[in-house]
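> Have a look at this fold, sequence not included:
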């Protein structure tokens, strides 16, 4: 198939995810694959977390028509911030501990396979999510996301992840920290107000809220959010109106075995936007995250930005 990309920047952090040597080998293989397909490909190495945003902005200014995030969902999210509102396409090469977007696009597992799929991927304009929070200094900030945003226990879990330890033991750290949060967290409540069209907002008191953009996270969460899709112009939300650990465990086990259903304790909600505020009598420092990146505390607002970014999607992922 004729490639839809001509000049691509491959951005990677050699000190994240799979480690420097494997990153280098995978990026080099991707360079060869893309070059053999007639695509001009240039690698750009970052020197730490947060730097991929600036590198991606320079790639946009330098006339690249595509930027490939070589890493996990964190690297992808950094690159995304620079590409929203432009016509420069976002591609992914899965090299991280978590590769939810790549898995959802059918590009998970092998970086070599993903590099081949990039050569025939289609440029598709998609909406994305945006979450507004307050940082440690009380200042308002916004972050785009294309996998998921969360408020509550999942953000607390991510805030406890040690980057060095994650590089050493990988996915096992997710399981260890997940169990620690489940066993020790009090699951405090916050108020969520869901807006859908011109109807009266629906108000819920929740301990956890997830705004999901993909249906397949890979691994044991392959069927985490049935019905969620990148092309949707509405929020696909999983809301936990329970503080009981057994309800969280029951839902997780049902997801693992592909049998989850939604109930009065765990709701599936469609909305245009949602605003979240602390509840009286509960802590106000409830954390929010987007695509695995820990942000600020409540209050927070989550919404959809239509026609926001161009994404490289393999043809079979659109079937």
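Happy to help now that I have it. Here the structure is a predicted model, which means the values were calculated and not measured.
> Please count neighbours and contacts with C-alpha atoms only from this point.
Will do.
> what's near enough to touch the spatially closest residue to residue 151 that is not a sequence neighbour?
In space, and not counting its chain neighbours, residue 151 is closest to residue 288: 4.4 Å by CA to CA, 6 or more residues apart in numbering. By CA atoms under 8 Å, 6 or more residues apart in numbering, the contact set of residue 288 is 133, 149-152, 155, 294-298, 300.
> what do you get for residue 285?
By CA under 8 Å, 6+ apart, the contact set of residue 285 is 297-298.
> let's see 10 Å
Contact analysis of residue 285 by CA atoms under 10 Å, 6 or more residues apart in numbering lists 136, 152, 278, 296-299.
> Starting from residue 152, give me the distance back to it.
10 Å (CA to CA, to the nearest Å).
> so what's in contact with the two at the same time?
Common neighbours of residue 285 and residue 152, counting by CA under 10 Å, 6+ apart, are 297-298.
> List the buried residues for the top helix by length along the chain?
Assignment by DSSP state H gives helix 20-36 as the longest helix of the chain. Across helix 20-36, burial judged by 16 or more other CA atoms under 10 Å covers 23-24, 26-27, 30-31, 33-35.
> Tell me which two in these are the farthest apart.
Maximum pairwise distance in the buried residues of helix 20-36, criterion CA to CA, is 18.1 Å, between 23 and 35.
> coming back round to it: right, and the helix or strand after the longest helix of the chain?
strand 40-45 (DSSP states H and E).
> Redo the buried residues of helix 20-36 as JSON lines? Include distance to residue 113 and pLDDT.
Shown next, in JSON lines, are the buried residues of helix 20-36 (distance: CA to CA, whole Å; pLDDT from 0 to 100):
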{"residue": "23", "distance to residue 113": "15", "pLDDT": "68"}
{"residue": "24", "distance to residue 113": "16", "pLDDT": "72"}
{"residue": "26", "distance to residue 113": "11", "pLDDT": "87"}
{"residue": "27", "distance to residue 113": "12", "pLDDT": "89"}
{"residue": "30", "distance to residue 113": "9", "pLDDT": "90"}
{"residue": "31", "distance to residue 113": "13", "pLDDT": "91"}
{"residue": "33", "distance to residue 113": "10", "pLDDT": "92"}
{"residue": "34", "distance to residue 113": "12", "pLDDT": "92"}
{"residue": "35", "distance to residue 113": "15", "pLDDT": "91"}
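> now, which of these sits nearest residue 194?
Nearest to residue 194 out of these is residue 23 (CA to CA; 41.4 Å).
> Would you mind measuring from the residue of the chain positioned farthest from its centre to residue 188?
For the chain, the residue at maximal distance from the C-alpha centroid (CA atoms, centre = their mean) is residue 281, at 31.2 Å. Distance, residue 281 to residue 188, by CA to CA: 9 Å.
> Kindly report the same for residue 67.
Here residue 67 is placed at a distance of 40 Å from residue 188 (CA to CA).
> The two: who's more crowded?
Remark: of residue 67 and residue 188, residue 67 carries more neighbours, 32 against 20, as counted by other CA atoms under 10 Å.
> List the beta-bridge partners for that one.
residue 9, residue 90 (DSSP bridges).
> isn't it right next to residue 11, touching?
Yes: Residue 67 is within contact range of residue 11, at 7.2 Å (criterion: CA atoms under 10 Å).
> what is in contact with these two at once?
Between them, residue 67 and residue 11 share the contacting residues 42-43, 55-56, 59, 76, 79, 92, judged by CA under 10 Å, 6+ apart.
> Relative to residue 269, which of these is nearest.
Nearest to residue 269 out of the shared contacts of residue 67 and residue 11 is residue 76 (CA to CA; 26.4 Å).
> wait, the closest one sits on residue 13?
No: the criterion here is CA under 10 Å, and residue 76 misses it with residue 13 at 11.0 Å.
> what sits in contact with each of these two?
52, 69-70, 96.
> Can you pull the poorly scored residue ranges out of this structure?
Within the chain, the segments meeting pLDDT under 70 span 1-3, 15-23, 198, 219-220, 222, 316-319.
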